[in-house]
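Trainee: I'll drop the sequence and a predicted model, then ask my questions.
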Amino acid sequence: MGVTQGTNAGAQRVLVRRALPTEPAVRASKSLFLAEAERQGLEAGRRMLYVGEEPAPDHVAACLRVPPGTGVIARRKLLTASGVPVRVATSFFRADLFAGTRIAEPGFVRPSLQSALVALGHEFGHAEETLVARPPTAFERETLELSEGEWVVQVLRTGYSTDDVPVHTLETICAATRHVFTVTQVTGHDEF
């Protein structure tokens, strides 16, 4: 359940839960964030900030297996919970695979990004996900309305096709003080 708590200044603080790994039913929904927030009783919002080609940052280039600086398609949006900015989520796609498709078009992909990838012939094989806590960039601090000294958690997830082709890298920048990360172990493969 999403939690809203008062702070010293009397403002509301939103706490969003983010499950890792992401449950398949949530990942396959219209929007990962909208599905998560709805399950937590939060009023979710999203706004597209940018869709277009941009140079791949080093960490994204490594995930997509392209040289750093290679043009990739970026789809960047701001996610809010109860009116509070909590995440900046950017989907990155190789331009050699997705230029000229609806993945590269402005606006949200309907009915979902997942269905568009499948319609383009990409069958999911596996994913790798990492978390890094770090200070925010100037853009992240301003967009997420972070106070001085607040950090972000970068969740980087790359989905690969059954042919081991990196199809989708999702970089989610989460306001650290507005998130709780729940990590679930694989059933039947752990010990006390």
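Mentor: Arrived safely, thanks for sending. Computed from a predicted structure; not experimentally measured.
Trainee: Leu170 and Gln154: what is the separation?
Mentor: Using CB to CB, to the nearest Å, one obtains 11 Å as the distance from Leu170 to Gln154. No exception for glycine: its C-beta is placed from N, CA and C like everyone else's.
Trainee: look up how far His122 lies from Ala138.
Mentor: From Ala138 across to His122, the span is 35 Å (CB to CB).
Trainee: neighbour count: the two, which is higher?
Mentor: His122 (20 against 7; other CB atoms under 10 Å).
Trainee: the residue positioned nearest the centre of the chain bridge partners, please.
Mentor: Nearest to the centroid of the C-alpha atoms of the chain, with distances taken as CA atoms, centre = their mean, sits Thr172, at 3.5 Å. Beta bridges link Thr172 to Ala89, Val155 when assigned by DSSP bridges.
Trainee: does it touch Val88 like I think?
Mentor: Yes: taking contacts as CB atoms under 8 Å, Thr172 lies within contact range of Val88: 7.5 Å.
Trainee: quick one: contacts for the residue nearest to Glu171 when sequence neighbours are not counted?
Mentor: Nearest residue to Glu171 in three dimensions, chain neighbours excluded: Thr90, at 4.9 Å (CB to CB, 6 or more residues apart in numbering). By CB atoms under 8 Å, 6 or more residues apart in numbering, the residues touching Thr90 are 74-77, 170-173.
Trainee: at 7 Å what do you get?
Mentor: Under the criterion of CB atoms under 7 Å, 6 or more residues apart in numbering, the neighbours of Thr90 are 74-76, 171.
Trainee: filter these down to the ones in strands?
Mentor: For these, the ones inside strands are 74-76, 171, with DSSP state E as the criterion.
Trainee: and those, which two are the farthest apart?
Mentor: The span of the ones in strands among the contacts of Thr90, defined through CB to CB, is set by Arg75 and Glu171 at 10.8 Å.
Trainee: those two - which one has more neighbours?
Mentor: Between Arg75 and Glu171, counted using other CB under 10 Å, Arg75 has the larger neighbour count: 24 against 20.
Trainee: name the nearest residue to that one, sequence neighbours excluded.
Mentor: The spatially closest residue to Arg75, leaving aside those adjacent along the chain, is Ser91, at 4.4 Å (CB to CB, 6+ apart).
Trainee: find the helix or strand that that neighbour is a member of.
Mentor: Element membership for Ser91, per DSSP states H and E: strand 84-94.
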